[in-house]
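Novice: no sequence on this one, just coordinates:
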């Protein structure tokens with residue numbers, strides 16, 4: 001594995017995970033809850049920005065690699081899962097939403113691996129619905145992490161419906177990928 005700028009950004013995202021989680025376990029005498037919310041939110045947003053940059057730079061600099069293609073989605077799933085677990089722990093997200101989103105990520109990861117093994121990886125390539133789901137959760141999660149009102153606006157009233165929308169899109173995209181995979185398997189069996 002050769003270290004390059006995109007892979008370094010992905011590793012930085014993974015390193016942010018224990019820092020992000022740790023913020024919410026610091027004693028109240030070290031950081032007030034509002035400070036924990038702000039720092040946790042900033043860590044998550046920085047991780048989300050590095051997610052966009054590592055892919056962009058990999059393509060722009062011609063530094064795409066099989067290892068980067070493997071590590072990037074792992075880092076994304078770890079960060080989102082850690083954030084959802086923390087939000088459940090903080091009482092800001094229903095465990096059902098976290099289960100739906102994390103369960104879908106595990107299912108689709110396993111599906112992609114299986115489809116790659118049978119030579120049908122293209123059948124489960126990222127879809128528009130998947131991108132829409134990612135966008136909804138990447139907006140909802142930091143809003144729910146910050147949690148405190150901004151200019152009198154209660155952020156949970158924005159973040160909670162948005163995360164429910166992400167959960168619905170999660171199920172929709174999972175159905176889409178499963179249908180595509182079933183079709184690919186059927187085509188493989190016929191051929």
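Specialist: Yep, that arrived. Since this is a predicted model, take the numbers as computed values, not measurements.
Novice: Okay, domains of the protein per the record?
Specialist: Taking automatic domain parsing as the criterion, the chain consists of the domains 1-91, 93-191.
Novice: Let's have those in TSV, adding mean neighbour count and mean pLDDT.
Specialist: Backbone N, C-alpha and C define where each C-beta goes, glycine included. What follows is the domains of the chain, written out as TSV (neighbours: other Cβ atoms under 10 Å; pLDDT from 0 to 100):
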stretch	mean neighbour count	mean pLDDT
domain 1-91	16	90
domain 93-191	16	87
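Novice: distance of the residue nearest the centre of the chain from residue 90?
Specialist: The centroid of the chain falls nearest to residue 80 when counting by Cα atoms, centre = their mean (3.9 Å). The gap separating residue 80 from residue 90 is 16 Å, by Cβ to Cβ, to the nearest Å.
Novice: so who does residue 76 touch?
Specialist: 13, 51 (Cβ atoms under 8 Å, 6 or more residues apart in numbering).
Novice: Give the next helix or strand downstream of the host helix or strand of it.
Specialist: Per DSSP states H and E: residue 76 is located in helix 66-89. Moving toward the C-terminus from helix 66-89, the next helix or strand (DSSP H and E) is helix 95-117.
Novice: can you list contacts of the helix or strand following that next one?
Specialist: Counting by DSSP H and E, the element after helix 95-117 in chain order, helix or strand, is helix 128-146. Contacts of helix 128-146 from elsewhere in the structure, counted by Cβ under 8 Å, 6+ apart, are 37-38, 40-41, 44-45, 48, 80, 83-84, 86-87, 92-93, 101, 155-156, 158-160, 162-163, 165-166, 169-170, 172-173, 176-177.
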